[in-house]
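[1] Have a look; sequence and predicted model below, questions after that.
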Amino acid sequence: MTNTFRLFPHPILSIILFLTWLMLNNTASSGHLILGAFLALFIPWFTQRFWPEKVCLGKWRTIFQFSLIVGYDIIISNIFVARLIIGKNSSLKPRFLEIPLDIEHPLGISILASTISLTPGTVSADLNLNRDILIVHALHVDNIEDEIASIKERYEKPLMEIFKIC
């Protein structure tokens, strides 16, 4: 294990923590810079034993594209859900979806479930014990197979490219 890895076991997490700290405090004063750096260094260091394996991120372009897709889907879903709520409740077609998972990385599965829950109108409800089927509740589904295919193509496929087990 290199000295850099020991000091920064999860460098991307450290960067995210540091930037999040500064954004939440809405300041770049010297005190917040020092405290943010301290937290960004020690939180990953103290929690490294809870990470089952090292996370290797794949294609940065895919990460950027995935972020844009999720952002777009959140905006469009907000509009769609608002229309559904304003309309008749009898027109809703709520469904539970069983999404077979191809992604195996635990962090990838977690981000997939979180992404689905972030998108208005859907929520991740359960993951089976084998971690190969994700149960999702959707507020309105016309075609179950199309909805599952959309989730797998828009979210799971890019996440499989992004997360690799080293």
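    Nice, I can see it.
[2] use CA for all of it now, contacts and neighbours both
    Will do.
[3] can you list the weak-confidence ranges in the protein?
    1-8, 51-58, 164-166 (pLDDT under 70).
[4] Show me the strands in it, by range?
    Assigned by DSSP state E, the chain shows strands spanning 55-57, 95-100, 122-127, 133-138, 163-165.
[5] I'd like to know which elements the lengthiest helix in the chain is packed against.
    Longest among the helix segments of the chain by residue count, using DSSP state H, is helix 60-86. Contacts defined by 3 or more CA pairs under 8 Å, 6 or more residues apart in numbering; DSSP states H and E place helix 60-86 against helix 157-162.
[6] Which residues does the helix it packs on contact?
    Residues outside helix 157-162 that contact it (CA atoms under 8 Å, 6 or more residues apart in numbering): Leu57, Gly58, Lys59, Trp60, Thr62, Ile63, Phe66, Ile103, Gly108, Leu112.
[7] count of neighbours near Ser124?
    20 (other CA atoms under 10 Å).
[8] Just put the contacts of helix 157-162 in TSV and tack on neighbour count and distance to Asn26.
    Shown next, in TSV, are the contacts of helix 157-162 (neighbours: other CA atoms under 10 Å; distance: CA to CA, whole Å):
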residue	neighbour count	distance to Asn26
Leu57	16	29
Gly58	15	31
Lys59	12	31
Trp60	11	27
Thr62	14	29
Ile63	17	26
Phe66	19	27
Ile103	21	37
Gly108	20	30
Leu112	24	29
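[9] now for those residues, which pair is the farthest apart?
    Greatest spatial distance among these (CA to CA): Trp60 and Ile103, at 18.1 Å.
[10] can you redo the contacts of helix 157-162 as CSV with distance to Asn143?
    Shown next, in CSV, are those (distance: CA to CA, whole Å):
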residue, distance to Asn143
Leu57, 33
Gly58, 32
Lys59, 32
Trp60, 33
Thr62, 28
Ile63, 28
Phe66, 24
Ile103, 23
Gly108, 26
Leu112, 21
